[in-house]
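>>> Output the structure for:
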Amino acid sequence: MSALVATLIAAALCSATGVFAAADAAKPGPADLSRPPSTDLSRPPSTDPSRPPSADLSPHAVASLAAQAFNGLLLPASTALIKTKYDEQVAEVAVEVGSRVSAGQTLLRLVDDEQRVTRDRAAALTDRARAELKRLDALRKSEGTSDQLLEQAQTALRVAEADLQLAEIRFKERTIKAPFTGIVAERYVDPGASVQEGDPLVRVTAVTPLRLEALLPEEMLSRMRGHARVEVSLTAPDTVLVLPVRLGTVLVDPASGTFPLHITIDNTQGRLTPGASCTLRILPAQAGVPGGSTAPPATTADRSP
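Model prediction:
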């Protein structure tokens, strides 16, 4: 019996010794500083939130900047606010807001009865002075006329001609005409209205050319040197324009870090609307365009059905 108990105790001691040996083998040993740690290139590097990201100067980042859209406006190159020079009454208005007008076309007319009579009277006095000078000149050749009378007649003719020119100007100024081809943007008076000197009558806006204006960040200057192009997207009408860009002297606003971009657009067909908003993207420079060559013409893509 005692032999059996001794045998069981010896077996238990051997089993415990094996467990402790296995545990000691599982513990990590001291680090070997003579060997560099292995790096698994198949896994992406971990991101350390305590470190700022490095600047990405790759071509992809530059292309991303160029793909940005910027807001712009299509503004008329010319606009005229026409005011009256006289205290008068409006006799006739020949246009409405939105009417297309040509240079020299009548827009409205002020009452001009008195000016018409004054012009006709000045014309009659000029004719009489001219006839008197002609008569005295004929008498001087045939019968002899004093030089004093002849000089007086010449002076009278010059005064009459000046009065006629002044009467013509005042009569014509009662008729208001378009200073250039465009559209009537505003009309401030109706027939029969009384106006005073300095009152606005009508505003005329040119349809062509138009001027594209936008503010771009100074980082875009490097991409716009040379022969860059601009893609302009409009919604009214649904159109995309590709325009060449020629930068002249550029001034960057130090407060905002932006510079103005101005591009003149031909709108002879009148498809583009003055004052419309648009978005633009900077396209890369065209390859093969020499420095002194003429810029390629703008191309248009109409997206309307």
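>>> show me where this protein has helices.
Assigned by DSSP state H, the helices in the chain fall at 2-26, 59-66, 113-142, 147-172, 221-224.
>>> can you give me the mean pLDDT across the first one?
This points to helix 2-26. Here helix 2-26 scores 45 as its mean pLDDT.
>>> start at 306 instead
Right, with 306 as the first residue, what we last looked at is helix 307-331.
>>> where does the chain have low pLDDT?
Residue ranges of the chain with pLDDT under 70: 306-372, 449, 532, 590-610.
>>> Could you rerun that using 90?
When residues are selected by pLDDT under 90, those of the chain lie in 306-374, 382, 441-455, 523-535, 539-544, 548-556, 573-580, 587-610.
>>> my guess is Leu517 contacts Leu585, does it?
Yes: between Leu517 and Leu585 there is a contact under Cβ atoms under 8 Å: 7.5 Å. Backbone N, C-alpha and C define where each C-beta goes, glycine included.
>>> Next, show the common contact partners of the two.
Gly377, Val535, Val537 (Cβ atoms under 8 Å, 6 or more residues apart in numbering).
>>> Quickly note the distance from the last one to Thr384.
Looking back up the chat, that one is Val537. 21 Å (Cβ to Cβ, to the nearest Å).
>>> The two: which has the busier surroundings?
Val537 (23 against 15; other Cβ atoms under 10 Å).
>>> contacting residues for Thr486?
Counting by Cβ under 8 Å, 6+ apart, Thr486 has contacts Val406, Ser407, Ala408, Ala511, Val512, Thr513.
>>> Report the buried members of those.
Val406, Ala511, Val512, Thr513 (16 or more other Cβ atoms under 10 Å).
>>> Show me what the second one is bridged to.
In this structure, Ala511 bridges to Gly487 when assessed by DSSP bridges.
>>> what does the first one give?
Beta bridges link Val406 to Gly487, judged by DSSP bridges.
>>> Go ahead and confirm it touches Arg492.
No: counting by Cβ under 8 Å, Val406 does not reach Arg492; the two are 11.5 Å apart.
>>> which neighbours do those two share?
Val400.
>>> What about Gly553, how many residues nearby?
Burial measure for Gly553: 5 neighbouring residues, criterion other Cβ under 10 Å.
>>> Same question for the one 10 residues further on.
Counted by other Cβ under 10 Å, the residues lying close to Thr563 total 17.
>>> how near is it to Leu380?
Taken as Cβ to Cβ, the span from Thr563 to Leu380 is 17 Å.
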